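Peer 1: starting from these lines, generate the structure:
(one chain, ligands or ions: 2)
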Amino acid sequence: MDTKKPKIFRMKAALYTKFQGPVTIETVTDPKPVIGGVVLKVGATGLCRSDWHGWMGHDTDIQLPHIPGHELAGTVIELGSGITKFKIGDRVTVPFVSGCGRCEQCNSGNQQVCDHQFQPGFTHWGSFAEYVGIHYADTNLVHLPDEISFETAASLGCRFITSFRAVAHQAKTTGGNWLAVHGCGGVGLSAIMIAEALGAQVIAVDIDDSKLTFAKTIGAHYTINGGKENVVEAVKEISNGGVHVSVDALGSKTTCFNSIDNLRKRGKHIQVGLMAGNDYLPEIPMHLVVANELEIIGSHGMQAHAYPEMMNMIKSGKLQPEKLIGELISLEEATNLLPKMNEFQGVGVKVINRF
Ligand SMILES: [Zn+2]
Ligand SMILES: [Zn+2]
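Peer 2: Ligands and ions are numbered 1, 2, ... in the order given. Down below sits the predicted model:
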């Protein structure tokens, strides 16, 4: 890849100037590296429902005009001062929550809940562009092994790492566990693949039969169509009394409630799906939480230092995130798709690799 950048350059980017307004391709000033930051030439970037939330105006971090994009991989082409772990030409990816490396949370190793988060595509301009600036680079960039493509790496940056942390680290899923996943979008499908790789018996729940059919091809052992069946009764019947771990991968009042209600005693509910709009304050069956000693745990991204465990599972073929890529699209196509992200169309993750 050509990693030399022209001296004077104005980059192509997908941009919106008002919430819920048109997303258009524009030419804008390219990013400059900040102190401790780098500029990447974007190799690939995923399209995510969080970008839609941002475009809707649900995220108070976003300042207009805005370039979305937070699931990215690319090549380092410019270094700010103070970078010690990366050099020009390195292939890298980055978690969508980048920690500052200095606050109480970062010092405890929990950069995913940093008090001063850098989030490309939210707090700053993102990767729906030829170039993107990344802050706190030494703390957050992750070297990409040669065998992992930019497209696969881009599909990790948000939904896959979030599901990895949710299933492997927060739920501590082990072989023999029963695990239910509510919602088979990008987060849910990732959670199914990861849980199966860890040896769990996986039950996938959705209201779309095509998503359930796909879920079976990537690791689900059982499927339930929530539009046709009583979800909680069906999960309890399949798992002989309830699951050990249940993930709300969608983020709705219904999926959240069901995910807690279908647990067996001392089970763990992991909330991954974002609760926004009308689902902001869900009902929780708290009597079950007390009587059955249930645990309710949130999960939000994953730290860069936790990537190697996941990368090793990808390199060994235990995890195959590339199977979750539904479609490779152009930046131009993304401008049309972004406003429609809430329509739940299609199976798998869309990744932009043409700019
Ligand atoms: Zn921090
Ligand atoms: Zn995302």
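
Peer 1: every contact and neighbour count from this point should use C-alpha atoms.
Peer 2: Will do.

Peer 1: how deep is residue 121 tucked in, by neighbour count?
Peer 2: 23 (other C-alpha atoms under 10 Å).

Peer 1: now do the contacts for it.
Peer 2: 51, 66-70, 127 (C-alpha atoms under 8 Å, 6 or more residues apart in numbering).

Peer 1: that one and residue 207, how far apart?
Peer 2: For residue 121, the distance to residue 207 equals 30 Å [C-alpha to C-alpha, to the nearest Å].

Peer 1: ditto for residue 60
Peer 2: From residue 60 to residue 207 the distance is 31 Å (C-alpha to C-alpha).

Peer 1: higher neighbour count, these two?
Peer 2: Set residue 60 next to residue 207 and count neighbours by other C-alpha under 10 Å: residue 207 wins out with 16 against 9.

Peer 1: hmm, the more buried one is touching residue 223, no?
Peer 2: No - using C-alpha atoms under 8 Å, residue 207 makes no contact with residue 223, being 10.3 Å away.

Peer 1: dump the residue contacts of the residue in the stretch 51-200 of the chain that ligand 2 sits nearest to.
Peer 2: Using C-alpha to the ion, the single residue of the stretch 51-200 of the chain nearest to ligand 2 is residue 158, 4.4 Å away. Taking C-alpha under 8 Å, 6+ apart as the criterion, residue 158 is in contact with 70-71, 95-96, 301.

Peer 1: doesn't it belong to a helix?
Peer 2: Yes - read with DSSP: H, G, I helix; E, B strand; the rest coil, residue 158 is one of the residues of a helix.

Peer 1: mind pulling the model confidence for it?
Peer 2: Residue 158 is assigned 89 on the pLDDT scale.

Peer 1: buried sites along the longest helix seen in the chain?
Peer 2: Ranked by residue count and defined by DSSP state H, the top helix of the chain is helix 186-197. Buried residues in helix 186-197, counted by 16 or more other C-alpha atoms under 10 Å: 186-197.

Peer 1: hang on, the earlier thing: out of the contacts of residue 158, who's near ligand 1?
Peer 2: Within the set of the contacts of residue 158, contact with ligand 1 (C-alpha under 5 Å from the ion) is found for no member.

Peer 1: which strands and helices sit next to the longest helix of the chain?
Peer 2: helix 161-164, strand 178-182, strand 201-206 (3 or more C-alpha pairs under 8 Å, 6 or more residues apart in numbering; DSSP states H and E).

Peer 1: redo the contacts of residue 158 as JSON lines? Include neighbour count.
Peer 2: Output for the contacts of residue 158, formatted as JSON lines (neighbours: other C-alpha atoms under 10 Å):
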{"residue": "70", "neighbour count": "29"}
{"residue": "71", "neighbour count": "31"}
{"residue": "95", "neighbour count": "30"}
{"residue": "96", "neighbour count": "30"}
{"residue": "301", "neighbour count": "23"}
